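Trainee: predicted model follows, preceded by the sequence.
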Amino acid sequence: MLGGRAEDYLEAIYTLSREKGFAKVMELSEMLDVKPATVSEMLEKLSRMGYVDYKKRSHVRLTEKGIRKAMSLREKRNIVIKFLKALGVSEDVAERDACALEHVLHPETLRQLRNFVRFVESSPAINPRWLEHFREFCKTGKHPCKQR
């Protein structure tokens, strides 16, 4: 089983390799803000697990298994970001929090978040009434439908 840090590496490799098909240790080091030796250590671990093709002092490529996992992680992160943004969380905060939350969500929770996001996105009105009510509640602390 992959830990959160290993998942971050797979996502970073996926992001960096989208243009040229591979990533370099120094690019990963900069992107993840870790030392190159730390990157090499993780890449060796991911290689043993079958997620990447990596040889020291060379570049790294995701295997088919690695691509599937990275795409799954990306989807999970995007669902959490969309959910948080629907709640009114700013883009920056939503992205930061999604990075932390994506590693700990139970599959049932993720399934329901996915359903909620799909429900909101498929709502016929641009701003459904309940969502407007929620935003008003966030501003005032009072439910707009509650009689006074």
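Mentor: Nice, I can see it.
Trainee: can you pull the domain assignment for the chain?
Mentor: The chain is divided into the following domains under automatic domain parsing: 4-68, 75-140.
Trainee: end to end, how far does the first one reach?
Mentor: It stands for domain 4-68. Length of domain 4-68, first residue to last, C-alpha to C-alpha, to the nearest Å: 16 Å.
Trainee: re the thing from before, out of the domains of the chain, which one sits most buried?
Mentor: domain 4-68 (a mean of 17; mean count of other C-beta atoms under 10 Å). (C-beta placed from N, C-alpha, C; glycine too.)
Trainee: just the mean pLDDT for that domain, thanks.
Mentor: Averaging pLDDT along domain 4-68 yields 94.
Trainee: residues touching the helix of greatest length in the chain, excluding its own?
Mentor: If you go by DSSP state H, the chain has its longest helix at helix 64-86. Here helix 64-86 makes contact (C-beta atoms under 8 Å, 6 or more residues apart in numbering) with 2, 7, 10-11, 13-14, 46, 50-52, 62, 91, 93-95, 97-99, 101-102, 105, 110, 113-114, 116-117, 120-121, 131.
Trainee: quick one: list the elements packing against the helix or strand following that helix.
Mentor: Reading on from helix 64-86 to the C-terminus, the next helix or strand found by DSSP states H and E is helix 91-101. Counting contacts by 3 or more C-beta pairs under 8 Å, 6 or more residues apart in numbering; DSSP states H and E, helix 91-101 is packed against helix 64-86.
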